[in-house]
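> no FASTA, just this:
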Ligand code: PLP
């Protein structure tokens, strides 16, 4: 039996998505730039997907630019914003809890002579808007912030941040990493004054290797890849039509059920937390109060047990969870910026585990996880104490 509780790392593609991808791959295999009927057939799938994705953001389809993943979207957004703004200023603001896709770009820009400053957060990791007000300067060219944190599920005040940037420094660009929120939670770039937004299909039961970058209409932004002029000359290269169609399908399916799914995931999260805390001593929640964080993510700390050891012990029971972010798990020093930001010690970070739910999660998965932990944790603690 398999109990997959690592949906913040990636999700199982939905049946509707897989069958559409197969159909486009085998039937609509034309090049969408070709002028003949076969090309137009492929182009239609792209037009549909762009519309489906834009609708969820309440945006214009022309503001959606397909990329290979969210990492590419964020690279493009952050480096592009720096290039665009460098004559006006070199000051960039960010949160303390960004994904590596953002952090590594900022590290690169720091080496290029930009000034990168972090915003203070509360004890749950949430950015303090008052600190943004203090730190925003006339030469700030970019604010880049994660919406739903991938480690703890902490939700940042993106709308308030957008309002403040728009009011205090309208020339400053605002980039949002919406990978863990897109199609699961409302995000409205136009209303929230977001200029750039990164997303990825594989977090919402779509395929891996496809994402998009939202770029506010009218914003002149440097091209990423030049060549044949695809994606309105922004990102050349023949488009991945099957995955683009699959992304549109997956997002539409997710958005249609997002409210219902949110309450289902929240009750699974609460069931898990009470099941663990009522049966095992020394289990703590990292980050926001369960009801305040994103429904699909919970981060726990198990006193006296290293999460990497626990993760593999749970695997023997078919339970799949995560220690740190899957993308950064081979970099111990930078494993968990979100946990570091809320003041956890290195030892406490090593005892922290992320459990994340998705569309296919159910009570059976949660109970299997509780039961496996009830068995495994006392054994590991005994072993460690000897
Ligand atoms: N940003 C966040 C918050 C993520 O959780 C991830 C994936 O783990 C990424 C960015 C990178 O996404 P992708 O795998 O599409 O490059």
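Nice, I can see it. The shown structure was predicted, so the numbers you read here are calculated from the model rather than taken from an experiment. Numbers count the residues shown, from 1 in each chain.
> Okay, now the unreliable bits of the chain?
Within the chain, the segments meeting pLDDT under 70 span 324-334, 384-386.
> Can you pull the phi and psi angles for the residue most central in space within it?
By Cα atoms, centre = their mean, the chain has its centre lying nearest to residue 179, at 2.6 Å. Reported as degrees, to the nearest 10, the phi and psi values for residue 179 are phi -60, psi -40.
> can you check the one 10 residues further on too?
Comment: the main-chain dihedrals of residue 189 come out as phi -50, psi -40, following degrees, to the nearest 10.
> now the strands for the protein?
Assigned by DSSP state E, the chain shows strands spanning 3-4, 64-67, 91-94, 115-118, 140-146, 173-177, 196-200, 211-215, 283-286, 297-302, 319-320, 352-356.
> Tell me how far the third one lies from the chain's centre.
I take that to be strand 91-94. Put simply, strand 91-94 sits 20 Å off its chain's centre (Cα atoms, centre = their mean, to the nearest Å).
> just to revisit the earlier point, which one of the strands of the chain is the most hemmed in?
Of all the strands of the chain, strand 196-200 has the most neighbours on average by mean count of other Cβ atoms under 10 Å, namely a mean of 29. Placement of C-beta: from N, CA and C, glycine included.
> Can it be said to contact the ligand?
Yes: counting by Cβ under 6 Å from any ligand atom, the ligand has neighbours in strand 196-200: residue 200.
> Strand partners (parallel or antiparallel) of that strand?
Looking at strand 196-200 with DSSP bridges, its partner strands are strand 173-177 (parallel), strand 211-215 (antiparallel).
> Now tabulate the ones you listed in CSV and tack on distance to residue 11.
As requested, the strands paired with strand 196-200 are exported to CSV (distance: least, Cβ to Cβ, whole Å):
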stretch, distance to residue 11
strand 173-177, 17
strand 211-215, 14
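> Isn't the residue nearest to the centre of the chain up against residue 99?
Yes: under the criterion of Cβ atoms under 8 Å, residue 179 makes contact with residue 99 at 7.1 Å.
> Now for the two: what residues contact both?
residue 150 (Cβ atoms under 8 Å, 6 or more residues apart in numbering).
> what sits against residue 88?
So residue 88 contacts 139, 141, 171 (Cβ under 8 Å, 6+ apart).
> That's all I had, so thanks and see you.
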